[in-house]
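Q: how would this look folded up:
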Amino acid sequence: MLQRLFFIFLAFWLAGCSKPVSPFIGTDISGESFGGPLQLVDFDGKPRSLADFRGRWIVLFFGYTHCPSVCPTTLKDSADALKLLTPEEARQVQILFVSVDPARDTGAMLKPYVTYFHPDFLALTGTPEAVKKAADDFRVIYRQQPYGNAGQYLVDHTAGSYVIDPKGKPLLYLPFAQPAKDIAHDLRLLLQAH
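A: Predicted coordinates for the structure are as follows:
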């Protein structure tokens, strides 16, 4: 009898400890409370905020144009993910690239950089203070690191992307180097559910 009670207790305890399995490959962050309006400007100098994209899903990534590997890889993976969606699905998604290097990343630098990967990608920048606020709102860390000759530098930065719902709430975190098929899988699930 004691042994049977122990196994019943163990079964209930294990059931209470297990988390529901997420259908997403990325990390579900829907229970977190962070994010912000992104009061920045696009590569054409037009003021932009997340409110401009209400009704669309956003994949938000912070990086910079001189980035040697993380940023081009992320932008390529995002472009490849859009190609795996139907044209109708892809039209519901906006990729936003926020520069953490406003001193070098002018609109003239950002526009050809992001549109090289996909013509509908949009890059945002702003004053150093506005960029810092946007990064802080999304818990993104970045820091300049001297590199090469005097005055040259790289920027260490958080490498993942956020998927934001049509109302402006972050729902998923996509780690760096998540394959395009996995990004497309998660976007398709979200699009079908809403």
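Q: Name the secondary structure element that contains residue 78.
A: Assigning secondary structure by DSSP states H and E places residue 78 in helix 70-84.
Q: can you pull the buried residues of that helix?
A: By 16 or more other Cβ atoms under 10 Å, the buried positions in helix 70-84 come out as 70-71, 74-75, 77-82. No exception for glycine: its C-beta is placed from N, CA and C like everyone else's.
Q: Quick one: these as CSV, columns for distance to residue 161 and pLDDT too.
A: Listed next are the buried residues of helix 70-84 as CSV, based on distance: Cβ to Cβ, whole Å; pLDDT from 0 to 100:
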residue, distance to residue 161, pLDDT
70, 11, 95
71, 11, 96
74, 6, 97
75, 10, 97
77, 9, 97
78, 7, 97
79, 13, 98
80, 13, 98
81, 10, 98
82, 13, 97
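Q: Turn those residues into CSV, including distance to residue 156.
A: Listed next are those as CSV, based on distance: Cβ to Cβ, whole Å:
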residue, distance to residue 156
70, 10
71, 12
74, 15
75, 18
77, 20
78, 21
79, 24
80, 25
81, 25
82, 28
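Q: What segments of the chain are strands?
A: Using DSSP state E, the strands of the chain run over 27-28, 40-42, 47-48, 57-63, 93-99, 122-125, 142-146, 153-157, 161-164, 170-174.
Q: burial count for residue 160?
A: Burial of residue 160 is recorded as 19 neighbouring residues (other Cβ atoms under 10 Å).
Q: how about the nearest residue to it, chain neighbours excluded?
A: residue 175 (5.0 Å; Cβ to Cβ, 6 or more residues apart in numbering).
Q: Return the residues in contact with that neighbour.
A: 26-27, 159-160 (Cβ atoms under 8 Å, 6 or more residues apart in numbering).
Q: For those residues, which single residue is the most surrounded?
A: Among the contacts of residue 175, the one with the most neighbours (other Cβ under 10 Å) is residue 26, at 23 neighbours.
Q: hey, what's the residue nearest to the spatial centre of the chain bridged with?
A: Nearest to the geometric centre of the chain sits residue 161, at 2.1 Å (Cα atoms, centre = their mean). Beta-bridge partners for residue 161, by DSSP bridges, are residue 61, residue 174.
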